[in-house]
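Participant: how would this look folded up:
(chains A and B)
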Amino acid sequence: MPKCSAKCGNKAILKRPKTGDALCKECFFDAFETEIHYTITKCTLFKPNMTVAIAASGGKDSTVLAYVLKLLNKKYNYGLKLVLLSIDEGITGYRDDSLNTVKQNRDDYEMPLKILSYKDLYGWTMDEIVEKVGRKNNCTFCGVFRRQALDRGAALLKVDCIATGHNADDIAETVLMNVLRGDLARLKRCTAIITGNGSGDGIPRVKPLKYTFEKEIVMYAYFRKLLYFSTECVFAPNAYRGHARMLLKDLEKIDPTIIMNIIYSGESIRVSENTSLPSLTNCTNCGYVSSQQLCKACVLLEGLNRGLPRLGIGKSSRVKQILTEEKYNNLNSNSCVEAKNCLCKNLKDNSVNLK
Amino acid sequence: MTCSHHAVPFRMVGKNIWFGLSLRDKKKWDKCNKCKSNVPVIILRHKDVYCKECFLSGAAHKFKAFIGKNHLVKKNDFVLVCFRSGHSSVSLLHMLRSALDLQTPKKLKLRPIVIYIAKATCEPQFLKEIEDVVCSFNFPLYFISFNQYISNGQELDKVLFANFRQMLENYPQINSFKRTNNPTATQTLERIYEQQLLTEVAKHLNCSIVFVPDISLNVATNLLTSISLGRGAYLPLDTGICDTRDPQITIVRPLRHFDDKELAFYNVYNKLKLVVSPNEIKKFNNTSVQDLIDTFVSNLQLNYPATITTVVRTGDKLALDKTVLKSKACNLCKAPLLNNTSEELNSATATDFSRWISAQLQIFKKDESFNEFEIKQRELYCYACSKIIEFVEK
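Facilitator: Prediction:
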């Protein structure tokens, strides 16, 4: 083994995929933590006296994030109050086990933990949803619901921001996926390290591990002997994201620094001025920030509750059409006028052409 | 990179097009989508069917509309047309000839000059075929050897030939294009030099426009490749409608919204002869980013038929950052350099920091401050080219 690049005199134990440097265990810990510290200070992710919720799944990313944030908070006096926030999607064989890991983290790192479940928030567990939707497109439900669930949890805990464990690989994968799907609006914002702080009343989300390689996170967790849960979600293999992930893994084999290239590309892409992007408004049903009149979560939930589980999958214009048609039908028959919560009442636009 | 691994035209004409379709689809598709009367002969985008006449006029219109809508050429401009092996170039020449010969006000007014860039070994038989096909359209033709351009590019007069026999007489036996030991860097360099060659030849021949026969698959592949190499800011140049990085010469990709099936059928119905280089059937072993992405896009396209068009249309909607328009150009790719402001952290600076901290951890530990770390400004090469150049210098 070569000597440590940091000139400490020790033998190196690993080669960093990002730069090719060889480091010993202690220097790797220091370099790894200092990089995250640099990212946090350079991008001003936190301000003193903030309460920060760490979105904890029990996986490697969130475990390392919780560990490093606690360590840096103490070492550099960030003055943060850290709490753990977990979402129980209700996936048997995956989330039930990983939540035990989160509970262990709560005790090890002495942070309060709040768990919110899909069952309580939406009345459906992922297991039940998959039963209705099938194995395809189920990640759409889980992703949409979790995003909102984290916000609701953060509001309950009255935190100032949410820190998520998205790493460099995740961001690069998202850039590729948004290009493949042609999602310009998301392509534009997916590389931002802080989101949700500008417009809307959402709670800001930060990604302190944005420039940290997944491989290094795994090595860090391994050498620090951190306890984490490492099973892939049982429903994930069919997701479209998998294609982008596969491409990224193959590219990484050619040259691991391609991950940083892709993030650099994502950061420097500019959308043409004469392209119209959807503007963010608030959902007319639940008030949550959305690009459509009705947010995705409301549409998906409505679909589930009405036995039309595929309602929100695909074009949003179709949803609007179905719901408006129904609204008119209902106006004639008075069937759901009494029902207070009917989604169609919150649909403002009547301009959809009815045949 | 030229791509012609779908070179064989599909012999799917007449009633055979219904093969494998359900009865319902047959009913929906028994009339041409456009004229609503004739029997269709081709399905495009997996859903729209056209008769022969509507398909051909549609293709011709798409080409002319692309050139007209984007205000690409001025009247009587000389246009350098890059010829490559495969369907696309033959279609391009035919579309140009048809548009030039129109007797209506929509007649295209430009003067094409065709160029073929010979790479690696060249079969005289194949060069003869090129000569025949270009002559049949009555366009002037030049040959240039890529290797000769690399070794003797300053004197274009000596390496540009109107006749392929002259080129072969002077053809160098040695390969003067130095390949790096990195397949991705080699292919990237080849692309950059090829573009440079086209720009210089265009200037030499008094052309202001270059047409390259990139089809949608090429554009999609190049777009994802550029992203993977860190050229995101330059996507409008690398893969957009036109490349304006040279102040005098604009490189245009007029076939960017055509796919290989469309052009194969275009050639078959126009009874055009296909010109394919015997050397150009590639074997992909996926050791370079370019090859890997080419395979990936083609495979994804099979399961998600909108993939290529989505990626190409995404590319259409990107623009160059206005703040860099006046910046110095990269010494290799000639794209304007991005300013690396010290206020915002980006992926390049984060990587530089990782490199710094991995070597200077002891310095940092003294006072725990980042003052010693300097944010690097890339003055000579852009982010992507600075990585490529490392391989060249090795």
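Participant: for chain A, what are the low-confidence residue spans?
Facilitator: For chain A, applying pLDDT under 70 flags the ranges A:198-201, A:237-238, A:314-318, A:326-355.
Participant: tell me the domain ranges of it?
Facilitator: Domain segmentation of chain A under automatic domain parsing yields A:14-268, A:281-346.
Participant: now do the SS call for A:Leu187.
Facilitator: helix (DSSP: H, G, I helix; E, B strand; the rest coil).
Participant: quick check: it vs B:Trp29, distance?
Facilitator: 35 Å (C-beta to C-beta, to the nearest Å). Placement of C-beta: from N, CA and C, glycine included.
Participant: higher neighbour count, the two?
Facilitator: A:Leu187 (23 against 17; other C-beta atoms under 10 Å in any protein chain shown).
Participant: which residues does that one contact?
Facilitator: A:Val175, A:Asn178, A:Val179, A:Gly266, A:Ile269, A:Val271, B:Thr314 (C-beta atoms under 8 Å, 6 or more residues apart in numbering or on different chains).
Participant: now the closest residue to B:Val311 other than its chain neighbours: which helix or strand?
Facilitator: Nearest residue to B:Val311, sequence neighbours excluded (C-beta to C-beta, 6 or more residues apart in numbering or on different chains): B:Ala220, at 4.0 Å. Secondary structure from DSSP states H and E places B:Ala220 in helix B:216-228.
Participant: quick one: list the elements packing against the next helix or strand after that helix.
Facilitator: The helix or strand immediately downstream of helix B:216-228 is helix B:235-239, counting by DSSP H and E. Judged by 3 or more C-beta pairs under 8 Å, 6 or more residues apart in numbering or on different chains; DSSP states H and E, helix B:235-239 is in contact with helix B:216-228, helix B:307-316, strand B:318-319.
Participant: what residues does helix B:235-239 touch?
Facilitator: A:265, A:269, A:272, B:219, B:222-223, B:226-227, B:231, B:243-245, B:253, B:315, B:318-320, B:335.
Participant: just the CA coordinates for it, please, in CSV.
Facilitator: Provided in CSV are the C-alpha atoms of helix B:235-239 (Å, rounded to 0.1, in the frame of the first residue of the first chain):
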residue,chain,number,x,y,z
LEU,B,235,-25.1,21.7,-24.8
PRO,B,236,-26.6,24.4,-27.1
LEU,B,237,-23.3,24.5,-29.0
ASP,B,238,-22.4,20.8,-28.9
THR,B,239,-25.8,19.4,-29.7
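Participant: on that earlier part again, would you mind finding the most buried of the domains of chain A?
Facilitator: domain A:14-268 (a mean of 19; mean count of other C-beta atoms under 10 Å in any protein chain shown).
Participant: coming back round to it: what sits against the residue nearest to B:Val311?
Facilitator: Neighbours of B:Ala220 in contact, by C-beta under 8 Å, 6+ apart: B:Val297, B:Thr307, B:Ile308, B:Val311, B:Val312, B:Gly315.
Participant: just want the angle from the helix or strand hosting the first one to helix B:307-316.
Facilitator: In other words, B:Val297. Assessed by DSSP H and E, B:Val297 sits inside helix B:289-303. Following axes from the mean of the first three to the mean of the last three C-alpha atoms, to 10 degrees, one obtains 120 degrees for the angle between helix B:289-303 and helix B:307-316.
Participant: could I get the average pLDDT for helix B:289-303?
Facilitator: If you average the pLDDT over helix B:289-303, you get 93.
Participant: which residues touch that helix?
Facilitator: A:180, A:243, A:246-247, A:250-251, A:254-255, A:258, B:1, B:3, B:183-184, B:187-188, B:217, B:220-221, B:224-225, B:228-229, B:282, B:284-286, B:307-308, B:311.
Participant: kindly report the same for stretch B:387-394.
Facilitator: For stretch B:387-394, using C-beta under 8 Å, 6+ apart, the contacting residues are A:257, A:261, B:178, B:180-182, B:185, B:188-189, B:229-230, B:332, B:381.
Participant: cool, and stretch B:179-196?
Facilitator: A:254-255, B:1, B:117, B:146, B:149-150, B:177, B:229, B:243, B:251, B:287-291, B:332-334, B:384, B:387-388, B:391-392, B:394.
Participant: returning to what we had before: go ahead and build a ChimeraX selection from the buried members of the contacts of stretch B:387-394.
Facilitator: Selection of buried members from the contacts of stretch B:387-394 for ChimeraX, criterion 16 or more other C-beta atoms under 10 Å in any protein chain shown:
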select /A:257,261 /B:180,182,185,188,189,229,230,332,381
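Participant: out of the contacts of stretch B:387-394, show me where the pLDDT dips lowest.
Facilitator: B:Lys178 (68).
Participant: mind checking the SS state of the residue in chain A that chain B sits nearest to?
Facilitator: Nearest residue of chain A to chain B (C-beta to the nearest C-beta) works out as A:Ser265 at 2.6 Å. When classified by three-state DSSP, A:Ser265 comes out as helix.
Participant: any idea how far B:Ala350 is from it?
Facilitator: 14 Å.
Participant: check the gap between the residue of chain B found nearest chain A and A:Asn261 for me.
Facilitator: Closest to chain A within chain B is B:Gly232: 2.6 Å, counting by C-beta to the nearest C-beta. Using C-beta to C-beta, B:Gly232 is found at 9 Å from A:Asn261.
Participant: what do you get for A:Pro204?
Facilitator: 27 Å.
Participant: likewise for A:Asp250?
Facilitator: Taking C-beta to C-beta, one finds A:Asp250 at 14 Å from A:Asn261.
Participant: ok, now A:Gly202?
Facilitator: Counting by C-beta to C-beta, the gap from A:Gly202 to A:Asn261 is 30 Å.
Participant: picking that back up, from what I see, the residue of chain B closest to chain A and B:Ser226 are in contact.
Facilitator: Yes: counting by C-beta atoms under 8 Å, B:Ser226 is a contact partner of B:Gly232 at 7.1 Å.
Participant: now do the contacts for residue 137.
Facilitator: I'll assume chain A. So A:Asn137 contacts A:Arg310, A:Ile313 (C-beta under 8 Å, 6+ apart).
Participant: wrong one, chain B
Facilitator: B:Leu93, B:His94, B:Leu96, B:Arg97.
Participant: which pair in those residues has the greatest spatial separation?
Facilitator: Farthest apart among these by C-beta to C-beta are B:His94 and B:Leu96. That separation is 7.2 Å.
Participant: near chain B, which residues of the stretch 151-300 of chain A? Just list them.
Facilitator: Taking C-beta under 8 Å from any C-beta of the partner chain as the contact definition, the stretch 151-300 of chain A meets chain B at A:175-176, A:179-182, A:184, A:187, A:193, A:211, A:243, A:246-247, A:250-251, A:254-255, A:257-258, A:260-273, A:275.
Participant: mind listing which of the residues you listed are in helices?
Facilitator: Among those, the members found in helices (DSSP state H) are A:175-176, A:179-181, A:184, A:187, A:243, A:246-247, A:250-251, A:254, A:258, A:260-268.
Participant: closest to B:Val79 out of the domains of chain A?
Facilitator: Using C-beta to C-beta, these put domain A:14-268 closest to B:Val79, at 30.6 Å.
Participant: between the two ends of that closest one, what distance do you get?
Facilitator: Criterion C-alpha to C-alpha, to the nearest Å; first-to-last residue distance in domain A:14-268 is 31 Å.
Participant: stretch B:35-46 and chain A, any residue contact?
Facilitator: No: with C-beta under 8 Å from any C-beta as the criterion, chain A is not reached by stretch B:35-46; the gap is at least 14.8 Å.
Participant: contacts for stretch B:323-334, please.
Facilitator: B:192, B:196, B:231, B:233-234, B:245-246, B:335-339, B:379-382, B:384-385, B:388-389.
Participant: show me what counts as buried in it.
Facilitator: So stretch B:323-334, judged by 16+ other C-beta under 10 Å, has buried residues B:Val324, B:Cys330, B:Leu332, B:Cys333, B:Lys334.
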